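Asker: okay, predicted coordinates and the sequence, questions at the end:
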Amino acid sequence: MAESEEGASFAKCCVCSKSAVTKKVKCANCEKYYHTSCANKKNYIKVDDNTVICCERSLNEILNGDKDRAFCDIETDNVLKINALLINLLTSKEQIIKLQTELLQSKDNHIKDLNKKINSLEDRKTNATLSPYVETHKVNANKQQKVPKLYSEVSKHQSQPKERQVNTNARNAQIQEQVVISPIPEEIDSKNCLQTIINLNSDINTNSVHKSNKDDDDFKLVTYQKPQKKLVNTYKTKPIIGTNSSNTFSITAAPKKAWAFIGRISPSVTEINMLDHLKLITNDEEVECLKLQSKGQNLCFRVAANIKHADTLLDPNNWPEHVRVSRYNFRFAQHKRCND
């Protein structure tokens, strides 16, 4: 196939080879150009308007083309696989870097927490070591501010002058030889405080302690002793109750009764109504009822029955709703009998 010098769009027909081909019809196998009329005359296989088949490809060409295509496909697949592996590798590398960064950050946080715990433990240990010395300094400072009084100074009763002779020398020695140690400043460093206290304690002269006890002068201390009160027998003796059940005695015991206070009763209720109710619930004729004086309009009664009916009297199921029932207290002054 020869192309004209004017451009690649013009070519000679391979059948007539005379005129230039403007509307090219190309063979799909050999890539030769033809006029459309020439291709129709040769009865070439028409693929479409611009493509025909004028020849057949050789077996070698077909095999070479298939091989080339197969190699291209394999290379394409390999390239795709390599790209996928590289992408996975980069992704995994980023993940590894991210994990390592997180581990480093968490490691720094753990190190900070451990340092805080170590510092707090050291402070506690220092405070525990210093606490006895600090208490000693506080006690000595309190002693410096307030000198304890002798017993002779707080005596409440005046005694004879000869019995109140006090050895002033011993007192002066006791005041002079008290250990004076300056209190610990509030802003002192806790780590250097122990060494400071030890240095202060080392300056104390232990030979002068309790020197006042070596004074041999005779003296007397006057002390006040509160007189003891005599114990009064305040407990009561239990009464004696007879136990002999024989009938030979000329006296007998009165029947034991259970007393109850009945309050919040309607004004229309009378003592007769109350007696009838007591006989009904106790099933006993030996009952008593006494109308008491009340402050309001409601009435109240003092009732009595045999001691065996005590639980019956105090049972709320035996009384109407809102009626007040309790044990009778003979000490209450307001429980008086009505005049009417």
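Answerer: That came through fine. Residues are numbered from 1 along each chain as shown.

Asker: C-alpha only now, for contacts and for neighbours.
Answerer: Fine.

Asker: what residues go with each domain of the chain?
Answerer: 11-56, 58-142, 151-214, 257-327 (automatic domain parsing).

Asker: quick check: phi and psi on Lys26?
Answerer: Dihedral pair for Lys26: phi -110, psi 140, per degrees, to the nearest 10.

Asker: tell me the spacing between it and Asp49.
Answerer: Distance, Lys26 to Asp49, by CA to CA, to the nearest Å: 10 Å.

Asker: of these two, which one has the most company?
Answerer: Higher neighbour count among Lys26 and Asp49: Lys26, with 21 against 11, using other CA atoms under 10 Å.

Asker: so that one sits against Thr51, correct?
Answerer: Yes. Counting by CA atoms under 8 Å, Lys26 does reach Thr51; the two are 5.0 Å apart.

Asker: please name the strands paired to the host helix or strand of Ala260 in the sheet, noting orientation.
Answerer: Ala260 is located in strand 257-265, with elements delineated by DSSP states H and E. Next to strand 257-265 in the sheet, as set by DSSP bridges, lie strand 299-306 (antiparallel), strand 324-327 (antiparallel).

Asker: I'd like the next helix or strand past the first one.
Answerer: Spelled out, that is strand 299-306. That would be, after strand 299-306 and using DSSP H and E, helix 310-313.

Asker: break down the stretch 1-150 of the chain into its strands, ranges please.
Answerer: Using DSSP state E, counting those that start in this stretch, the strands of the stretch 1-150 of the chain run over 11-12, 20-21, 25-27, 33-34, 45-48, 51-53.

Asker: can you tell me which of those strands is most buried?
Answerer: Each of these was scored by mean neighbour count; the highest is strand 33-34, a mean of 27, by mean count of other CA atoms under 10 Å.

Asker: sketch out the low-pLDDT regions of the chain for me.
Answerer: Applying pLDDT under 70 to the chain flags residues 1-10, 18-23, 56-71, 137, 140-222, 230-236, 333-340.

Asker: hey, which helix is longest across it?
Answerer: helix 59-145 (DSSP state H).

Asker: which other helices and strands contact it?
Answerer: Packing partners of helix 59-145 (3 or more CA pairs under 8 Å, 6 or more residues apart in numbering; DSSP states H and E): helix 190-202.

Asker: secondary structure of Pro267: a helix, I assume?
Answerer: No. Under DSSP: H, G, I helix; E, B strand; the rest coil, Pro267 falls outside any helix and is assigned coil.

Asker: wouldn't it be in contact with Gln297 here?
Answerer: Yes. Taking CA under 8 Å as the definition, Pro267 is a contact partner of Gln297 at 6.7 Å.

Asker: what are the boundaries of the helices in the stretch 201-340 of the chain?
Answerer: 271-282, 310-313 (DSSP state H, counting those that start in this stretch).

Asker: any chance you could list what contacts the shortest one?
Answerer: Contact with helix 310-313 is made by 258-260, 281-282, 318, as judged by CA atoms under 8 Å, 6 or more residues apart in numbering.

Asker: format those as CSV; extra columns: distance to Leu292 and neighbour count.
Answerer: CSV is the format used below for the contacts of helix 310-313 (distance: CA to CA, whole Å; neighbours: other CA atoms under 10 Å):
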residue, distance to Leu292, neighbour count
Ala258, 17, 18
Trp259, 14, 23
Ala260, 12, 20
Ile281, 21, 13
Thr282, 22, 19
Asn318, 21, 14
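
Asker: going by distance to Pro132, which of those wins?
Answerer: Ala260 (67.9 Å; CA to CA).

Asker: was I right about that closest one contacting Ile307?
Answerer: No. Ala260 lies out of contact with Ile307 (CA under 8 Å); the separation is 11.1 Å.

Asker: who touches both of the two?
Answerer: By CA under 8 Å, 6+ apart, no residue touches both Ala260 and Ile307.

Asker: what count of nearby residues applies to Pro239?
Answerer: Neighbours of Pro239 under the rule other CA under 10 Å: 6.

Asker: which phi and psi values does it adopt?
Answerer: Pro239 adopts backbone torsions of phi -70, psi 160, taken as degrees, to the nearest 10.

Asker: could you measure from it over to Glu286?
Answerer: Pro239 is 28 Å from Glu286, by CA to CA.

Asker: same check on Trp259?
Answerer: 13 Å.

Asker: between those two, which contacts overlap?
Answerer: Any residue near both Trp259 and Glu286 by CA under 8 Å, 6+ apart counts here, and that gives Ala305.
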